[in-house]
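Colleague: curious how this folds, go ahead:
(chains A and B)
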Amino acid sequence: MITLSEYFMTILITCMIVNLGLALYGVFFKPNLIKKIIALTILGDTANTFALIIGYRMWVAGVPSRPPVFTEWRSNNPLLLLVFTKTAVDPLPQALVLTAIVIGLAVTLFLVFLTLQAWKIYRSVDMRDIRKLKG
Amino acid sequence: MKHWIGICVLILTILAISFVVAANINVLLPSTNVRTLAEIYLKYTYYPWDKYFTAMSPEACTSIVWDFRGLDTVFETMVFYLAIIGAIALARGVPLKPPKEIKGEPGLSLIVKTVTKIAPVLIIAVAGSIALHGHLTPGGGFQGGATAAVAPVLILVVFSQFYLLKRGVNKNSMLLLRSIGLTGIGITAFAAVLIGLATGHYAFVLQNQPKPLAPNISLPAFVGGQLISGSLWFFNFFEFLAVAAGFTIVFLLITLPEKLAETKEEKRAAEGGEK
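Modeller: Okay, here's the model as predicted:
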């Protein structure tokens, strides 16, 4: 017998796999450079979501797992820290994803700039047209 | 119409596959326990009973980003700036100056402009709060900087670029702000070493709290009763400046009108072609 939360989690993972396929299709087979960039951002976001799922902690007995922020730090109570350690999600993938998002944004801007240069030189962002021009 | 049928079939397939998978195997699901490494990070993120291992910040992500794996983040900042510098280098020779005369009134309608006069102030206030509370609540320099860069984009779209350029938000001022941010990150990384040199003790690069080999040097975790988590607050602040300024430069260059974006050589080539 499956629970509702397990079912939703499986739907999420299946959707991510489908998303991965769609993004790879877009990167490889769409001739428009802008559409390639859009597919690349979808690919990056899918990879980031996978990283977050790896570090996720499933709910125990219907109690949601906590974000990795120790909110009771003022109490100076080691027992609360122990509870926090046993209920919070993995902070390491979140830390990696946060820098990956910002760097991904910078790389996307760089690619947009390259596309802008291609438009200025070839007057087209379609790979089929650019290939015909030979250089 | 055909699109809708395809999308419905796709969604139903995903739901069915998920049901079959969830009913038979649960190998795809995350476990109820996290890895031992994660438990160590969670335990020592704020652990005042043993200062040798803690980052003194209740926010585990920020303490990983700027303390436990601080060197990684310095290199990630470098990758980020290589991308930004690549974009700036592609646009070299582009003059970023407002024209002397602007025909008509640039920008969108009055309603949008009035709203946009209020919104960037709020955006920058929220961004500053995200960045400066990064060691206490979810957030940090990267997120705050990316949020702050939204305000110039909004002004660019609604008021036109000349509005920003006339008020001093141009390439050079943003390069200055970015350089202040990057220099600040460098100084904060070497702060413990500099204090150690001045006082004659051992210290490490990117050191925050005392370490077993450098027990005498540490950056203060509390200032005036406020938790600032040693170097984390400074790293977040300077990263905020650097990221916000870097994105603003690229957005300014990317939204330049095409006729103004032509460099001198391109103009000459275009004129030569017409003759």
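Colleague: contact partners for A:Leu33?
Modeller: Contacts for A:Leu33 (C-beta atoms under 8 Å, 6 or more residues apart in numbering or on different chains) come out as A:115, A:118, A:125-127. All C-beta atoms are positioned from the backbone trio N, CA, C, and that covers glycine.
Colleague: for those, give me JSON lines that also has secondary structure.
Modeller: Converted to JSON lines, these look like this (DSSP: H, G, I helix; E, B strand; the rest coil):
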{"residue": "A:Thr115", "secondary structure": "helix"}
{"residue": "A:Ala118", "secondary structure": "helix"}
{"residue": "A:Val125", "secondary structure": "coil"}
{"residue": "A:Asp126", "secondary structure": "strand"}
{"residue": "A:Met127", "secondary structure": "helix"}
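Colleague: check the gap between B:Thr255 and B:Ile155 for me.
Modeller: 10 Å (C-beta to C-beta, to the nearest Å).
Colleague: which one's more surrounded, these two?
Modeller: Using other C-beta atoms under 10 Å in any protein chain shown as the criterion, B:Thr255 and B:Ile155 rank with B:Ile155 on top: 22 against 15.
Colleague: helices of chain A, start to end?
Modeller: Assigned helices in chain A, in chain order: A:4-29, A:33-54, A:78-87, A:91-122, A:127-133 (criterion: DSSP state H).
Colleague: could you tell me the least trusted of those helices?
Modeller: Lowest mean pLDDT within these: helix A:127-133, at a mean of 82.
Colleague: which strands or helices does that one pack on?
Modeller: helix A:91-122 (3 or more C-beta pairs under 8 Å, 6 or more residues apart in numbering or on different chains; DSSP states H and E).
Colleague: thinking again about what came up before, return the most buried member of the helices of chain A.
Modeller: helix A:91-122 (a mean of 19; mean count of other C-beta atoms under 10 Å in any protein chain shown).
Colleague: what is that one packed up against?
Modeller: Using 3+ C-beta pairs under 8 Å, 6+ apart, the elements in contact with helix A:91-122 are helix A:33-54, helix A:127-133, helix B:36-44, helix B:60-63, helix B:70-90, helix B:141-148, helix B:231-254.
Colleague: contact partners of the second one?
Modeller: The set of residues external to helix A:127-133 that reach it, using C-beta under 8 Å, 6+ apart, is A:31-33, A:118, A:122, A:124.
Colleague: would you agree A:Pro67 is in contact with B:Gly139?
Modeller: No - assessed by C-beta atoms under 8 Å, A:Pro67 is found out of contact with B:Gly139, at 11.7 Å.
Colleague: okay, those two: which has more neighbours?
Modeller: B:Gly139 (24 against 16).
Colleague: leaving out chain neighbours, which residue sits closest to that one?
Modeller: B:Ile130 (3.9 Å; C-beta to C-beta, 6 or more residues apart in numbering or on different chains).
Colleague: which helix or which strand is home to that neighbour?
Modeller: helix B:110-132 (DSSP states H and E).
Colleague: just checking, B:His162 is part of a strand?
Modeller: Just so we're on the same page, residue B:162 is Phe rather than His. No - with three-state DSSP as the criterion, B:Phe162 is assigned helix and is not in a strand.
Colleague: report how many residues lie close to B:Ala221.
Modeller: Residue crowding around B:Ala221 was assessed by other C-beta under 10 Å; the count is 23.
Colleague: for A:Ile2, what are its contacts?
Modeller: Each residue near A:Ile2 by C-beta under 8 Å, 6+ apart is listed here: B:19, B:22-23.
Colleague: swap in B:Tyr41?
Modeller: Counting by C-beta under 8 Å, 6+ apart, B:Tyr41 makes contact with A:68, A:91-92, B:60, B:63-64, B:68.
Colleague: any chance of those residues in a markdown table, plus distance to B:Val126?
Modeller: Converted to a markdown table, those look like this (distance: C-beta to C-beta, whole Å):
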| residue | distance to B:Val126 |
| --- | --- |
| A:Pro68 | 22 |
| A:Pro91 | 23 |
| A:Leu92 | 27 |
| B:Ala60 | 22 |
| B:Ser63 | 23 |
| B:Ile64 | 24 |
| B:Phe68 | 27 |
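Colleague: and the angle from the longest helix along chain B to helix B:70-90?
Modeller: Identified as the longest helix of chain B according to DSSP H is helix B:171-199. Using axes from the mean of the first three to the mean of the last three C-alpha atoms, to 10 degrees, one finds that helix B:171-199 and helix B:70-90 are set 150 degrees apart in direction.
Colleague: beta-bridge partners for B:Gln226, please?
Modeller: In this entry, B:Gln226 is beta-bridged to B:Val223, by DSSP bridges.
Colleague: per-residue pLDDT, it?
Modeller: Taking B:Gln226 on its own, its pLDDT is 85.
Colleague: for chain B, give me the ranges with low pLDDT.
Modeller: For chain B, residues meeting the criterion pLDDT under 70 lie at B:26-28, B:96, B:98-104, B:257-275.
Colleague: break it into its domains for me.
Modeller: Here the domain parsing of chain B from automatic domain parsing is B:1-30, B:70-274.
Colleague: name the stretch among the ones you listed that sits most buried.
Modeller: Comparing the domains of chain B by mean neighbour count (mean count of other C-beta under 10 Å), domain B:70-274 ranks first with a mean of 17.
Colleague: centre-most residue in chain B?
Modeller: B:Phe142 (2.7 Å; C-alpha atoms, centre = their mean).
Colleague: if we ignore the residues flanking it in sequence, what's nearest it?
Modeller: A:Val102 is the one closest to B:Phe142 (C-beta to C-beta, 6+ apart), at 4.5 Å.
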